[in-house]
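Colleague: Based on what follows, work out the 3D shape:
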Amino acid sequence: IAEALRDAGYATGIFGKWHLGDCYPMRAMDQGFQESLVIRGGGIGQPSDPVGGEGKYTDPVLSHNGQLEPQKGYCTDVYFDAAIKWIEGTVKQKQPFFVYLPTNAPHDPVNDVPQKLYEQYKAMDLSASLLKKDGGKPSEKELDHLARVFAMISNIDENVGKLMAGLGNLGIADDTIVIFLTDNGPAGRRYVGPFRGTKADVHEGGVRTLFIVHWPARLKAAHTSDRIAAHIDIMPTLLEACGAPVPKGVKLDGRSILPLLEGRQVDWSYRTLFIQ
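Modeller: This is a model prediction of the structure:
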C-alpha cells in the first residue's frame, strides 16, 4: 500500500511496528515507506532487540531509515510524536501523506509501562474485571498485570487524542482519513463485549476487532455496518478513497468497503473469511 500511494504522489511514513522483515529487501524502507522509524522484529523484549535496547519500552533503540538510533521517552509516545512532526512537514510542503502508525503496546513484557498511569490503575479495584467463573478472586499478581496493561492502553488513548488535536491544529482534520483498529482480541481475560475468547482463539472475542473510521468531509458520524470485513479490505478501500490506481499486475484479496462506510445501498454478497 505504501508503494501504491507513494507512486500516486503521497508522502509515506511508518512509525512503530513493522514485523515483515529487518533485512533488505523486506524492510519498511524497501517497501514504499519514505520515512521509517520502527522497532526490530515483532516487538520490544524479543530476540530481535538491538544491543542497548533490550526490553526497553522507555528510551528504546529504534531503526530510523535503516540506522539504529536511541530514543528518549516511552515508545508509544515516541512513535506518535515523530509521526505528528513528520505530518507537519508534509503539510508545509503541501503534499498529501499516508501514515502507518502501528504500536507494539499493549503487549508483554509489561515490566516497563507509563508509571503515572500504572499508579492510577494500581490504586483502583480492578477485581471485577478478572472475576473467575467459580467466583474466586484474582491474585495480586493478576491484578498488577492488568493495571500495567491498562496503563499501556490509556497511553495509546492519550496519543490518539494528541494526534487528532494535531490534525485539528493543522486544519486538516476534516479531510484526513483516520482509521483506528486492532489486530486481535486481548491476550488474557479482559472485556470483549458480547463475545467470547481471547487472542489465539478462533471465537469472535479472539478474531473480531473494532474498526473506526473518522473522515468528516465524507462520512456521517455514528454510522455502522454489520457486514463482514477484514484487514485485506483496507488497501482497496484507501486506494479508492484517495483516487489511486491499483498497481498493474497486482491482484488484491480484499475489496473496497468505502460504499459500506458511506452507507450506500449496494449489493454486498455474503463472504466467508478463513482465520487460521
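
Colleague: From now on I want contacts and neighbour counts done on CA atoms only, so please keep to that.
Modeller: Will do.

Colleague: Need the pLDDT of the closest residue to Leu258 other than its chain neighbours.
Modeller: Counting by CA to CA, 6 or more residues apart in numbering, Leu258 lies nearest to Thr237, which is 5.6 Å off, once chain neighbours are set aside. Looking at Thr237, its pLDDT stands at 98.

Colleague: quick one, phi/psi of Thr237?
Modeller: phi -70, psi -50 (degrees, to the nearest 10).

Colleague: And it, how close does it get to Pro109?
Modeller: According to CA to CA, to the nearest Å, Thr237 stands 34 Å off from Pro109.

Colleague: Tyr121 too?
Modeller: Per CA to CA, Tyr121 is found 18 Å from Pro109.

Colleague: repeat for His223
Modeller: According to CA to CA, His223 stands 37 Å off from Pro109.

Colleague: Could you pull up the residues touching the closest residue to Ile232 other than its chain neighbours?
Modeller: Leaving aside its sequence neighbours, Ile232 sits nearest to Gly254 (CA to CA, 6+ apart; 4.6 Å). Neighbour list for Gly254: Ala230, His231, Ile232, Asp233, Ile234, Met235, Pro236 [criterion: CA atoms under 8 Å, 6 or more residues apart in numbering].

Colleague: One more pass at 7 Å, please.
Modeller: By CA atoms under 7 Å, 6 or more residues apart in numbering, the residues touching Gly254 are Ile232, Asp233, Pro236.

Colleague: Mind telling me what element it is part of?
Modeller: Per DSSP states H and E: Gly254 is located in neither a helix nor a strand.

Colleague: what does the model give it for pLDDT?
Modeller: Looking at Gly254, its pLDDT reads 94.

Colleague: ditto for Pro138
Modeller: Turning to Pro138, the model gives it a pLDDT of 88.

Colleague: correct me, but it touches Leu126?
Modeller: No. Counting by CA atoms under 7 Å, Pro138 stays clear of Leu126, with 9.2 Å between them.

Colleague: Can you tell me the closest non-neighbouring residue to Val149?
Modeller: Val149 sits nearest to Pro106 (CA to CA, 6+ apart), 6.0 Å away.

Colleague: now do Gly21
Modeller: Closest to Gly21 by CA to CA, 6+ apart is Arg27, at 5.3 Å.

Colleague: Give the next helix or strand downstream of the helix or strand hosting Val91.
Modeller: Taking DSSP H and E as the definition, one finds Val91 inside helix 75-92. Per DSSP H and E, the first helix or strand lying C-terminal to helix 75-92 is strand 97-100.

Colleague: Can you tell me the strand partners of that following strand and which way each runs?
Modeller: For strand 97-100, the pairing partners within the sheet under DSSP bridges are strand 11-16 (parallel).

Colleague: Tell me the bridge partners for Thr12.
Modeller: The partner residues for Thr12, given DSSP bridges, come to Phe98.

Colleague: Where neighbours are concerned, which of the contacts of Gly254 has the most?
Modeller: Pro236 (21 neighbours; other CA atoms under 10 Å).
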